[in-house]
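Undergrad: Sequence first, then the predicted structure, then my questions.
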Amino acid sequence: MKILLLNGPNLNMLGRREAEHYGSLTLDQINRHMGELAQVLGLELGFAQSNHEGELVDILQEASPEYAGVMLNAGGYTHTSVAIRDAVLCCGVPVVEVHLSQPAAREEFRHHSYLSGACAGSVAGFGWRSYALALHWFAMLQGDEQ
């Protein structure tokens, strides 16, 4: 099973921005951790990041058939993008919404997610381990299919 780890705007700046919310690891370091975990779990992992809403939409629309699922950290677009929500709904594979921080514990405008209702599930507040928890769900899903 091949899963896409898709990150949105400003996540390329991890390790240099607001460590109190996002931790000190860079996106490359997170990707390395996740790639290693994927191997242990018997999964393949692809990676993409964009600061552009339309590019994120394109990537989601093209996810299937190459990927069986997507872990999506849409960053700030979580709270603003109907277009990304629609792409999640039509991409044809399960999508798990992932956040490093806990949006519900932050500013009021971060409390609403346009994506949550369109996703198979959401994981938030565990730093880079939020991705690991989402990846474990995909591994369990793969186990259910066997």
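TA: Yep, it's here. Residues are numbered from 1 along each chain as shown.

Undergrad: Go ahead and list the helix or strand containing V98.
TA: strand 95-99 (DSSP states H and E).

Undergrad: meant to ask about V40
TA: Assigned by DSSP H and E, V40 falls in helix 27-41.

Undergrad: Quick check: buried residues in that helix?
TA: 27, 30-31, 34, 37-38, 41 (16 or more other C-beta atoms under 10 Å). For every residue, glycine as well, the C-beta is placed using N, CA and C.

Undergrad: Same question for stretch 112-121.
TA: 113-115, 118-120.

Undergrad: Quick one: these as JSON lines, columns for secondary structure, pLDDT and distance to Y77 too.
TA: Listed next are the buried residues of stretch 112-121 as JSON lines, based on DSSP: H, G, I helix; E, B strand; the rest coil; pLDDT from 0 to 100; distance: C-beta to C-beta, whole Å:
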{"residue": "S113", "secondary structure": "coil", "pLDDT": "91", "distance to Y77": "10"}
{"residue": "Y114", "secondary structure": "coil", "pLDDT": "92", "distance to Y77": "8"}
{"residue": "L115", "secondary structure": "coil", "pLDDT": "96", "distance to Y77": "8"}
{"residue": "A118", "secondary structure": "helix", "pLDDT": "96", "distance to Y77": "13"}
{"residue": "C119", "secondary structure": "coil", "pLDDT": "97", "distance to Y77": "13"}
{"residue": "A120", "secondary structure": "coil", "pLDDT": "97", "distance to Y77": "18"}
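
Undergrad: Look at R85 and give its secondary structure.
TA: helix (DSSP: H, G, I helix; E, B strand; the rest coil).

Undergrad: what number of residues lie near it?
TA: Residues near R85, counting by other C-beta atoms under 10 Å, number 20.

Undergrad: what does H111 give?
TA: 11.
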